[in-house]
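In: When you get a sec, could you give me coordinates for this:
(one chain, ligands or ions: 1)
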Amino acid sequence: MSDVVAYEKQGEIALVTIHNPPVNALGQAVRQGLLDGVLQAEADDEVKAIVILGEGRVFIAGADIKEFGKPPTEPFLPDLCGRIEASPKLVIASMHGASLGGGLEVALAAHYRVAVPGAKVGLPEVHLGLLPGAGGTQRMPRLTGVEAALDLITTGRHAGAAEALKIGLIDRIAEGSPRENGIAFAKELLGEGKARRAVSDLPPPAPIDWDAAYEAVLAKGRGQIAPAMCVRAVQASVELPFAEGMKRERDIFMELMQTDQRKGMIHAFFSERAVSNLPELKGVAPRDVSALGVIGGGTMGAGIATAALLAGLQVVMLEMSPEAADAAKGRISGNLQGALKRGKIDQAGFETLTEKALTLATDYAALSDVDLVIEAVFEEMSVKKQVFEKLDAVCKPGAILASNTSYLDVNEIAAATKRPADVIGLHFFSPAHVMKLLEVVVPDATAPDVVATGFALGKRLGKICVRAGVCDGFIGNRILATYRTAADHMVLDGASPYEIDKALTAFGFAMGPFAVADLAGLDIGWAVRKRKREEGIDPRARTTDYPDLICEEGWFGQKTGKGYYIYEAGKRAGIPNPKIMEWIEAERSAKGITPQDFTHEQIVRKYMAAMVNEAAKVVGEGIARRPLDVDMTLLFGYGFPRYWGGPLMWADIVGLPDLLADIERWAEEDPFFWEPAPLLKELVETGRSFDDLNKAA
Ligand code: 3H9
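Out: Alright, predicted model coming up:
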């Protein structure tokens, strides 16, 4: 019938099967094919029921996201769903794998729904900056009530078949193939003489306090608009007749389609998938990794070991003494207890991981048989070199030696071994069993299959892997150092750390830079400052002195109860530490600075401009391959708001010429810090965007 939708008859049942790999997205041809299938079945008097199926691993993953932003083409999905629901024949959706977004909306337009036990359903449109636009906000509440519908629609989370059955979203769970299930259910319904049953005919559900729900969702979304707008669309399902509710949903959908947040989130969706797609790795087979060594069982090493154990690897944890090894085991067990509580593993699994899969050792010889070893010891070049020399001596040929360093020169570390081709940086983020980002740092001599192994391991551990070249801080920490410096300069010039934190959380960051510093530990920045001073700071750089005073007091942030903020026991959020402003004011007057006022908008602009300028240098120098690599680094490792898509997508959205003009204006006063990135200048001169570079890569 069509290339992507097949039509077939089994007696009085018509089977309309979508075959549009990889995920049966509802592109124009699929929508047309579905419509034609329904019309063909309706025209055939012998057919009494229509079963809609998806071939392959999912039922339907939703609208075709690649079509968004282009002019819509007929048949439109809401009309198609309406037409399916209006069919005089019984329509059954037989679901398996994922039924998401428009895919679930097609199922909701059917009169009955059956799913295999492993099926997942959801309306994840909010993750794309949208809302369900084909009746999801109108039909789902009629089936589940408002509360369950708002939970699924505003969070975009997936529900399993059991939950879907419980809340009334599907009618039945059946073992067997979707085809068999669909046919059996259709026969049963026909046998019982069941009538067609349109969800739109069901009475509207009971109302709730809509304004309260709207405000709560808006606050939770930290500036994201789409989830809050879902509340208004669901409200329409209760307050308006079905057809008018559909119109309201469509209006909001079209409004959201025009937003920058939609652009940012769709950029994030595709970049998240493209980031590990490197041409140089095509056809390169990774080495086998089943046993992993971890050196150093502090917070980072224990987190890495936890992630590896949860991914089914054997782990050898090497520590300096039996006591330190015991402490490391305690940390790993604590992490695994968390996984146990969240139902990720059961008690038997917990015991296997801690007692069988994990080996503690204090002698390097224990690492002689591991396939890959990750060093997470003290961040000091001489210490790292010693570790790598020892590893080189004991590890088997072909074993990969990885450093978790966050700043140091991995080329220099590799040179301490006789196998630089087997050396790589695997930079995890703390807590390593939770944070999604892994920077795969590639020194000059690393073999391609070692890089491929880094990516394969990261994927196995559930990480988003970004390739980074070697420089001080790689992609993420190098950019962080620059935008942190911009924040420090603003403090000297008149903004308070607290206003800066407020401005950036209002922009969408999970936390502002000073609250983050308190969380990470102020001693970390102190150590970096000391190292940089030893290496020699360029005399043109503006520096701040007061952060050292905080550390000299022994105030290292949350872990000591005091830093930029004071933390009362049992409370996560702190209150401003009054001593900080005293020190800042003293430093300003000692330096003869007259403080100026900063609006939140000015704070965000300067902070983001510094981030973008450094990011453009990182891309221009090839440390990051593409702008999207920077975007994913900041999104998954640094709490950057997903709805902006990443700093370079943000830059495209606000406009590169204006941003460069600001940078050049600030460079008149501080040419050292604000030196414009050559790549940024080149893009402005040639009228291109960062995303043009992504597309060309
Ligand atoms: C919507 O439905 C709007 C409607 O309410 C109203 C309309 C009017 N379109 O994730 P994977 C690609 S909005 C186009 O790696 P998995 C993906 O880019 C939609 N392409 O597989 C990748 O391509 P590549 C609401 C799509 O097994 C390949 O398929 N739905 C789409 O790990 C494999 O994807 C969603 O937001 C799409 N809809 O996970 C669901 N989906 O190979 C989005 C995927 O070139 N999708 N691709 O990199 C997912 O969550 C996951 O893909 C899924 C499979 C769970 C289905």
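
In: separation between V16 and Y112?
Out: 15 Å (Cβ to Cβ, to the nearest Å). Yep, even glycine has a C-beta here, placed from its N, CA and C like the rest.

In: Show me what counts as buried in stretch 671-686.
Out: F673, W674, P676, A677, L679, L680, K681, L683, V684 (16 or more other Cβ atoms under 10 Å).

In: The second one touches L660, doesn't it?
Out: Looking back up the chat, that one is W674. No: counting by Cβ atoms under 8 Å, W674 does not reach L660; the two are 10.7 Å apart.

In: ends of stretch 536-554, how far apart?
Out: 25 Å (Cα to Cα, to the nearest Å).

In: List the contacts of that stretch.
Out: Residues outside stretch 536-554 that contact it (Cβ atoms under 8 Å, 6 or more residues apart in numbering) are 488-489, 491-492, 522-523, 525-526, 529, 560, 562-564, 579-580, 583-584, 586-587, 670-673.

In: Which positions within that stretch qualify as buried?
Out: Those would be T543, T544, Y546, P547, D548, L549, I550, C551, for stretch 536-554 by 16+ other Cβ under 10 Å.

In: what number of residues lie near the residue in the stretch 351-500 of the chain that the ligand sits nearest to?
Out: The nearest approach of the stretch 351-500 of the chain to the ligand comes at K459, 10.7 Å away (Cβ to the nearest ligand atom). Residues lying near K459 (other Cβ atoms under 10 Å) number 15.

In: From M257, how far off is it?
Out: 32 Å.

In: List only those of the contacts of stretch 536-554 flagged as buried.
Out: 488-489, 491-492, 522-523, 525-526, 529, 560, 562-564, 579-580, 583-584, 587, 673.

In: other SSEs contacting the helix or strand of the chain with the lowest mean pLDDT?
Out: Of all helical and strand segments in the chain, the minimum by mean pLDDT, DSSP states H and E falls on helix 522-535, at a mean of 88. With contacts taken as 3 or more Cβ pairs under 8 Å, 6 or more residues apart in numbering; DSSP states H and E, helix 522-535 sits against helix 546-552.

In: which residues does the residue in the stretch 551-697 of the chain positioned nearest to the ligand contact?
Out: Going by Cβ to the nearest ligand atom, the ligand is nearest to L628 of the stretch 551-697 of the chain, at 12.5 Å. By Cβ under 8 Å, 6+ apart, the residues touching L628 are H267, S271, A274, V275, G646, L648, N694.

In: Looking at neighbours, which among the residues you listed is most surrounded?
Out: Neighbour counts for these (other Cβ under 10 Å) peak at L648, which has 32 neighbours.

In: secondary structure element for that residue?
Out: Under DSSP states H and E, the secondary-structure element containing L648 is helix 647-654.

In: need the residues of the protein near the ligand, please.
Out: Selection of the chain residues close to the ligand by Cβ under 6 Å from any ligand atom yields 22-23, 25, 58, 61-66, 77, 98, 100-102, 105, 124-125, 128, 132-134, 136, 273.

In: what about 5 Å?
Out: 22-23, 25, 61-65, 77, 98, 100-102, 124-125, 132-134, 273 (Cβ under 5 Å from any ligand atom).

In: Inside helices: which ones of these?
Out: L77, G102, R273 (DSSP state H).

In: thinking again about what came up before, quick check: mean pLDDT of the helix holding L648?
Out: Mean per-residue pLDDT for helix 647-654: 98.

In: Over to stretch 388-406?
Out: Averaging pLDDT along stretch 388-406 gives 97.

In: List the buried residues in it.
Out: Those would be 388, 390-392, 394-395, 399-406, for stretch 388-406 by 16+ other Cβ under 10 Å.

In: Looking at the residues you listed, which one is closest to V450?
Out: Lowest distance from V450 to these (Cβ to Cβ) belongs to I400, with 5.5 Å.

In: you'd agree L100 is up against A63?
Out: No: look at L100 against A63 with Cβ under 8 Å: they stay out of range, at 9.6 Å.

In: Report the set of residues contacting both of those two.
Out: Listed contacts common to L100 and A63 are nil; contacts here mean Cβ under 8 Å, 6+ apart.

In: Which parts of the stretch 301-450 of the chain are helices?
Out: Counting by DSSP state H, counting those that start in this stretch, residue ranges of the helices within the stretch 301-450 of the chain are 322-341, 347-351, 381-394, 410-415, 448-460.

In: R31: which of those is closest?
Out: Between R31 and those, the tightest spacing by Cβ to Cβ is seen for helix 448-460, at 33.1 Å.
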